[in-house]
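1. Show me the folded form of this:
(3 chains)
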Amino acid sequence: MSYQENIYKVTKAIPKGRVTTYGAIADFLALGSARMVGWALNNCHTFGDVPAHRVVNRKGELTGRLQFPTPTIMQERLEAEGIKVIKHKVVEFEDRFWHPSEDLKQKNFGA
DNA sequence: ACCGTGACGTGTC
DNA sequence: TGACACGCCACGG
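-> Residues are numbered from 1 along each chain as shown, chains lettered A, B, ... in the order given. The predicted structure is shown next:
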């Protein structure tokens, strides 16, 4: 079980219509560095389907959009879930924000 | 083994 | 508030 798989598990656990941050995932998994989350998500295509579009930086900006097959995929998928994106930023980000500890405890994660 | 790089975050200026 | 520097950790050259 690599730490990357944990990152993917958390990412897959993000509720539809909500978003979280690299830092929140790193904090929940005690990785010590949010960069690891970005790095792992950059290679997520090799691990199957991961809703990486729901992970943004601490300001709610879609900083990872350029890593998708096309730069518009991330925004399109978010908007398809009801999340408004303006100027590459999630609208009402603080209200859309979801922290792993908010929900994973009831999903028996890591047990 | 050393150095640079990166889908990040926090602290300063 | 915005720009910059620095710390962070894994990976490739």
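
2. distance of residue A:18 from residue A:56?
-> The gap separating residue A:18 from residue A:56 is 11 Å, by Cβ to Cβ, to the nearest Å. The way it works is simple: take the backbone N, C-alpha and C, and place the C-beta from them, glycine included.

3. ugh, typo on my part, it should be residue A:26
-> In terms of Cβ to Cβ, residue A:26 sits 14 Å off from residue A:56.

4. just residue A:82 next, same as before
-> On the measure of Cβ to Cβ, residue A:82 and residue A:56 end up 15 Å apart.

5. okay, those two: which has more neighbours?
-> Just comparing residue A:82 and residue A:56: by other Cβ atoms under 10 Å the higher neighbour count belongs to residue A:56, 26 against 10.

6. burial count for residue A:6?
-> 17.

7. That one: helix or strand, and which one exactly?
-> Using DSSP states H and E, residue A:6 maps to helix A:3-12.

8. other SSEs contacting that helix?
-> Counting contacts by 3 or more Cβ pairs under 8 Å, 6 or more residues apart in numbering; DSSP states H and E, helix A:3-12 packs against helix A:22-28, helix A:34-42.

9. Tabulate those helices in JSON lines, adding columns for mean pLDDT.
-> JSON lines is the format used below for these (pLDDT from 0 to 100):
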{"stretch": "helix A:22-28", "mean pLDDT": "97"}
{"stretch": "helix A:34-42", "mean pLDDT": "97"}
